[in-house]
Each structure stands twice: as C-alpha cells, then as structure tokens.
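**Student:** okay, here's the prediction I keep looking at, along with the sequence it came from:
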Amino acid sequence: MQIVIAVLGLVGQVALMPAHTKLSAVGAGTDAQARSIAHSDLVMTRHTCTVPEGATAAEVCPDLFYTEGRAEKEWQLQVPAGARWLFFGPSYMAEIFGAVIAANKDQIAQIEHDPEFARELNANQKDLPPCNGTVLPCCVPATDLTCNVLGSERQCRTPPDGMNVITLTNGAVLVGVNNHMALQQDSAAQRIADAFYSLSLDHIFYMHPHNWHQKSGVYKGPAGVCYQDEPPSNPAKRLESEGGDPAPAGDLSEDMCVAGYGNESVPGAAYIDCVERSALWPVLRWVARSATLVAPANVAAGQATFGGKDTQVPVYYTQRQSDRWACTCYDDYDTSGGLASWDYYRAHQCTVLYEPASDTYLGGSVLDMAEDLLGSVAK
C-alpha cells in the first residue's frame, strides 16, 4: 500500500534526547543482518529508510535508537525446509514478504516473477485505461521500482509487489501475491483459488487487499499503483458509528477493509467482520492447510481468533509493533522515496533505518512483524 501523507513537518521537529548518548552507545555489536537486508536487492528503496540530511536516528526514530541491543539484534527469519507459504495482500504485506526473502537471500535457488498462471489471469492488464485524476500512471512497471538504501539503489532482483514464487535451497517455497489486480479481484475469487491450489500451500498469511475495480483496474485509495479520490478519514464516516460498531456491508470493504487510510484505529471486530463478508477470504482461506489473518497498522487489537468451532484462525495485529517502534517511511510519490519520516503514522513502517553519518543500520518494525509471523507457524 502506498500512502499519501498530508504534511509531514520535516522542518523544526527535533526530538529531545540526552546529549551524551550516541548510536554506538546503544550496542557494541554488529548490524550485519539489517545491513544485509538493506542491500539485498529485494527490499524497495522507499522501505529502507535513510535518516534525512541534517538529522539523526535519535531524532526521527528515538524508540529504535534508544533500545539497548537493537543495533546488533538478529531476527529469527529462517524458513523451515519444505515449507510452502503464501503472503497475500496489499503493499503492507509486500513489505513483510520482502523482509523474509531478503533475510533468506543466500538460500534463494530460483525466482519466478509473474509465473504462467498469473500471466494468464493478468492477460488484459496492459489494456487498462488510466485512472481518473491520477498522479501516478496506472499499474507502475516493475522497472520503475528500485531496491536498497538511497545512494545504493539498484533495480530490484524481483519486486515484492506483484506475483512471485521464491524457491529456497532447502526446498521451501515462498509465494507473494501483493498489489496484483488479476489475482486479487473479488469477482475472480474462485478462479484465483483454483490457480493457488496447484501450489500445494501449507499456510497463507492473509491481509485484505485493495478494492480492485474490474472495469477500470483501479482501487479506491489515495495512492498506490493507481488511485482516485481520497476516502474520508473521519472514523464516524468510515465506521458509520461513533462507537465503532461493525459497518454495514460495503462500507469498510471500499479499501483493505479499513475504508482507506487514516491514523486513527479501525476496531479489530469491524475489520474481521468485513474480511469475513468479503468475496475473497471465504474462498482463499482454503487454498492452504492453515491461515493467519494479518491486520494492517491502523486496525486496533481485538479478538485473537475468529471462525467456526473447528476452523479457528489466529489474528495478528501489526499495530502493536508499529506503535512500539514508531519509525515510519516518508512516502513521497514524486520520487522513489527512501527517507524516514520525522513523524509517526500508522502507515508504511521502515524495514530498516539507515544513518549515513555513522554508517549504521537498525532493523525497523517490519522485521519484528515478520519474525512474529514466522515464529507462529515455524514450529
């Protein structure tokens, strides 16, 4: 998910910090894992957050900076032999998927981008009209995306957006389907599921995707692959009640089951209710033997599981890690991005944070989210 953020206030916002504390004082170890992920050619530049010129890591992301041991932390992101996992959703999920494959880059045996069945389902995408009132062209070509930190940008080895099948040397298969219109349209739910069955999946990490429109090939949202009008950010308008009761069918489903973007929180119950009533979830739930529902950062934690008596599905709320580390990407869609934001938003979070002055890398909250998710199934 790409996000239009109003005024980020890049000038004059300096966090209070002890003058005697330096990045090196946080830990004397190595930042090898975060550094390797940031230069993997697999994490998009806009998600490898460089500290803005003239600023410090302590000013833009103090919670990361002042956490003892963060610089040398090693995230447990190994994929078990033979695992077959699907990461399905918008660009929030693409970030998590990108972090996982980047952490396992030395074990990648094969990358298939847009494999045959995806191309068949996607055959008419090249003929889609442009979005009405768009700022970005509809369906941004993968070649326009870069990976790695600012100053080291390169064309991505494979973009985490789109459809990817990654095979590791231990036989594990990681499938990413993120911001892919043809494989995320409500109207094609059963056709999509039939294609996924051939992958013999063990587990699906599911975040509800954007609301793709079959005729125009766009989704309603303020930014992204293409976009139209910005939806309301008032919680009452989005949830149809001040109390946050589940919205009537069709309201929250306008975009990602959160009705667009906003810094406030959609109640977990409303999000789950929307997902259950969607056309995609009831079908895609069964393309793998087990599933996890992953809620985006602007969904407040609610019930831990949902579903029937014998079909309970766990719910993972990314907001906990997002709020804890408060280190947000500055999404500037006039450029390829790549800077950290001065302010915290419940939007795209940094996969890594890079401070050029000290040549130091800190892992962002996306790595914690990925570790949580893998730890929940890699047992």
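**Tutor:** Perfect, I can see it now.

**Student:** find the centremost residue of this protein, please.
**Tutor:** residue 92 (1.6 Å; Cα atoms, centre = their mean).

**Student:** that one against residue 299, yeah?
**Tutor:** No. Counting by Cβ atoms under 8 Å, residue 92 does not reach residue 299; the two are 10.6 Å apart. No exception for glycine: its C-beta is placed from N, CA and C like everyone else's.

**Student:** where do the helices sit along the stretch 251-379 of the chain?
**Tutor:** 268-277, 281-284, 319-325, 365-377 (DSSP state H, counting those that start in this stretch).

**Student:** among those, which comes closest to residue 161?
**Tutor:** Nearest to residue 161 among the helices of the stretch 251-379 of the chain is helix 365-377; the distance by Cβ to Cβ comes to 14.7 Å.

**Student:** contacts for that closest one?
**Tutor:** The contact list for helix 365-377 (Cβ atoms under 8 Å, 6 or more residues apart in numbering) reads 34, 37, 47, 75-79, 83, 85, 95-96, 99-100, 103, 202-203, 205, 290, 292, 294, 314, 316, 318, 321-322, 324-325, 327, 349-352.

**Student:** PyMOL command for the buried members of those?
**Tutor:** Applying 16 or more other Cβ atoms under 10 Å to the contacts of helix 365-377, the buried members can be selected in PyMOL as follows:
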select buried, resi 34+37+47+75+77+78+79+83+85+95+96+99+100+103+202+203+205+292+294+314+316+318+321+322+325+327+349+350+351+352
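
**Student:** inside strands: which ones of the contacts of helix 365-377?
**Tutor:** In strands, defined here by DSSP state E, the members of the contacts of helix 365-377 are 85, 202-203, 205, 290, 292, 294, 314, 316, 352.

**Student:** redo the residues you listed as JSON lines? Include pLDDT.
**Tutor:** Output for the ones in strands among the contacts of helix 365-377, formatted as JSON lines (pLDDT from 0 to 100):
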{"residue": "85", "pLDDT": "98"}
{"residue": "202", "pLDDT": "96"}
{"residue": "203", "pLDDT": "97"}
{"residue": "205", "pLDDT": "98"}
{"residue": "290", "pLDDT": "95"}
{"residue": "292", "pLDDT": "97"}
{"residue": "294", "pLDDT": "98"}
{"residue": "314", "pLDDT": "96"}
{"residue": "316", "pLDDT": "98"}
{"residue": "352", "pLDDT": "97"}
